[in-house]
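Q: Sequence and computational prediction follow.
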Amino acid sequence: MERKIKSGKEILDDFFTSIKEIENVDKALAESLTNLYKDGKLTDTNVKNKLSELRSKNASKN
């Protein structure tokens, strides 16, 4: 039996495809990270900006 070894990109693709399915993961955060990844913009700065944006939205809801 031969097992195919996944590339790093395949592993990341699988992760970001299924991140919303992980228990206790914030859906808005998962969607934001997935979109950044798909757009090729998953950088430290963009993630920090998105987290700040999501916090602001949540704070205004309360």
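A: Arrived safely, thanks for sending.

Q: buried sites along the lowest-mean-pLDDT helix or strand in the chain?
A: Least confident element among the helices and strands of the chain, by mean pLDDT, DSSP states H and E: helix 44-61 (a mean of 92). Within helix 44-61, the residues that count as buried by 16 or more other Cβ atoms under 10 Å are residue 50. (Glycine included, C-beta is placed from N, CA and C.)

Q: Centre of the chain to that helix, how far?
A: Chain-centre distance of helix 44-61: 13 Å, with Cα atoms, centre = their mean, to the nearest Å.

Q: got the CA positions of that helix in PDB?
A: This file holds the C-alpha atoms of helix 44-61, laid out as PDB (Å, rounded to 0.1, in the frame of the first residue of the first chain):
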ATOM      1  CA  ASP A  44       0.900  38.900  10.100                       C
ATOM      2  CA  THR A  45      -0.300  42.500   9.500                       C
ATOM      3  CA  ASN A  46      -3.400  41.400   7.700                       C
ATOM      4  CA  VAL A  47      -4.300  38.900  10.400                       C
ATOM      5  CA  LYS A  48      -3.800  41.600  13.100                       C
ATOM      6  CA  ASN A  49      -5.900  44.100  11.200                       C
ATOM      7  CA  LYS A  50      -8.700  41.500  10.700                       C
ATOM      8  CA  LEU A  51      -8.600  40.600  14.400                       C
ATOM      9  CA  SER A  52      -8.900  44.200  15.300                       C
ATOM     10  CA  GLU A  53     -11.800  44.700  12.900                       C
ATOM     11  CA  LEU A  54     -13.600  41.700  14.300                       C
ATOM     12  CA  ARG A  55     -13.100  42.900  17.900                       C
ATOM     13  CA  SER A  56     -14.500  46.300  17.100                       C
ATOM     14  CA  LYS A  57     -17.600  44.700  15.500                       C
ATOM     15  CA  ASN A  58     -18.100  42.500  18.500                       C
ATOM     16  CA  ALA A  59     -17.600  45.400  20.900                       C
ATOM     17  CA  SER A  60     -20.200  47.500  19.100                       C
ATOM     18  CA  LYS A  61     -22.700  44.600  19.300                       C
END
